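Engineer: Got a predicted model here, sequence first, then my questions.
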Amino acid sequence: MTDTASQKCGVAAVIGAPNAGKSTLVNQLVGQKVAITSAKAQTTRAKLLGIALHDATQMILVDTPGIFEPRRRLDRAMVSAAWEGTQAADAVLLLVDPVKQRRHELMPLLERLKDRPERIFLVLNKVDISKKEPLLALAQELGELVQFEEIFFISAFTGDGVPELKERLAGMMPEGPWHYPEDQVSDASERLLATEVTREQLYQQLHEELPYDAAVRPESYSVRPDGSVEVRQQIVIARSSQKPIVLGKQGARIKAIGEAARAELAEILGAKVHLFLHVKVDERWAESREIYEEIGLDWVG
Ligand SMILES: Nc1nc2c(ncn2[C@@H]2O[C@H](COP(=O)(O)OP(=O)(O)OP(=O)(O)O)[C@@H](O)[C@H]2O)c(=O)[nH]1
């Protein structure tokens, strides 16, 4: 632990279109798994924090949900949670996937960000799968629209360019004592993290078959006297016709999902885990205030 007088501490928002690689970058910056990555867009429903350290600087990373045009109530809540973090941030990392740029989502973001360009880094991600010339052309084009503080070329996946970005980001943080103890890497409650782990398994094992509206709700989370953790969760789907997909033949799917999630959670928590999953059909879940609050979003009417 460094002495308090020399400490720096601030907030960095990580924003970008869905699938730009935000969660992957947060994991790299923090140096261990805190946010969940998935090949499916818009998976980050809960606002998870990662805390990265660089020498005497603590960076609180706000890993926002994908920002996109809100239509349904759920989508509006996600967008509002994302912007809330961005406004208060000492620095903003605008992450762009140069291959799938998703310009209809990127352009409105640039528009909203351009009044405080001095704290924004444009981060062109996925350089491992991009060609150099179009990448440079894109950097130039976007750099003409917004006077970014700096432009970075990285691969959040391989880690290429990430140390340089982290160092510059640390330089943006204001002086002040750390907000979190040194060993704390994530502020997300373990209970919420556990639902993220299950949701990632749902995505991985059901792929395209998984309904977009599926959510994982925490039911209970407790530590047994022997130190093992008992976790109960509900997988909420909007239609009963989706139930056989999630359950699989004689429950084989849900069993495999539960087993994989249990193993991963045990590794993260460093404890034995008992995981119980229930599938619940709730046609109105995307309109329910209670569920919003449980998954870490504010209710916006
Ligand atoms: N090749 C390559 N793939 C990457 C890179 N960064 C992220 N990906 C992949 O891109 C996909 C999306 O990454 P995420 O980190 O989940 O993206 P996200 O922006 O958090 O996505 P949302 O949660 O939907 O907003 C995953 O399959 C990642 O493995 C990279 O630098 N190179």
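Structural biologist: Sure, I can see it.
Engineer: From here on, just use CA atoms for contacts and neighbour counts.
Structural biologist: OK.
Engineer: What separation do you get for residue 166 and residue 113?
Structural biologist: According to CA to CA, to the nearest Å, residue 166 and residue 113 sit 21 Å apart.
Engineer: In the stretch 201-301 of the chain, mark out all the strands, start to finish.
Structural biologist: 215-223, 229-237, 273-281 (DSSP state E, counting those that start in this stretch).
Engineer: starting at the chain centroid, how far to the last one?
Structural biologist: Meaning strand 273-281. Distance of strand 273-281 from the chain centroid (CA atoms, centre = their mean, to the nearest Å) equals 23 Å.
Engineer: Can you list the neighbours in contact with that strand?
Structural biologist: Counting by CA atoms under 8 Å, 6 or more residues apart in numbering, strand 273-281 makes contact with 228-240, 243, 246-247, 254, 258, 262-263, 265-266, all of which sit outside it.
Engineer: The closest residue to residue 217 other than its chain neighbours and the ligand: what is the separation?
Structural biologist: Sequence neighbours aside, residue 234 is the residue nearest to residue 217 in space, at 5.1 Å (criterion: CA to CA, 6 or more residues apart in numbering). According to CA to the nearest ligand atom, to the nearest Å, residue 234 stands 21 Å off from the ligand.
Engineer: What subset of the contacts of strand 273-281 is buried?
Structural biologist: 228-229, 231-238, 243, 246-247, 254, 258, 262-263, 265-266 (16 or more other CA atoms under 10 Å).
Engineer: shaky segments in the stretch 51-200 of the chain?
Structural biologist: 63-88, 180-189 (pLDDT under 70).
Engineer: how about the helices in it?
Structural biologist: According to DSSP state H, counting those that start in this stretch, the stretch 51-200 of the chain carries its helices in the segments 73-88, 103-113, 132-145, 162-172, 190-206.
Engineer: Mean neighbour count, those: which tops it?
Structural biologist: helix 190-206 (a mean of 21; mean count of other CA atoms under 10 Å).
Engineer: Quick one: list the elements packing against that one.
Structural biologist: With contacts taken as 3 or more CA pairs under 8 Å, 6 or more residues apart in numbering; DSSP states H and E, helix 190-206 sits against strand 215-223, strand 229-237, helix 252-269.
Engineer: any idea how far residue 167 lies from the ligand?
Structural biologist: 18 Å.
Engineer: Go ahead and confirm residue 172 touches residue 91.
Structural biologist: Yes. With contact defined as CA atoms under 8 Å, residue 172 and residue 91 form a contacting pair (6.6 Å).
Engineer: can you list residues touching both of these two?
Structural biologist: residue 119.
Engineer: residue contacts, the closest residue to residue 191 other than its chain neighbours?
Structural biologist: Leaving aside its chain neighbours, residue 191 sits nearest to residue 221 (6.1 Å; criterion: CA to CA, 6+ apart). By CA under 8 Å, 6+ apart, the contact set of residue 221 is 191, 229, 230, 231, 232.
Engineer: quick one: average confidence on stretch 209-217?
Structural biologist: For stretch 209-217, mean pLDDT rounds to 76.
Engineer: start to end distance for that stretch?
Structural biologist: Taking CA to CA, stretch 209-217 runs 20 Å from one end to the other.
Engineer: can you check stretch 238-246 too?
Structural biologist: Start-to-end span of stretch 238-246 (CA to CA) is 12 Å.
Engineer: what's the offset of it from the middle of its chain?
Structural biologist: For stretch 238-246, the distance to the chain centre is 26 Å (CA atoms, centre = their mean).
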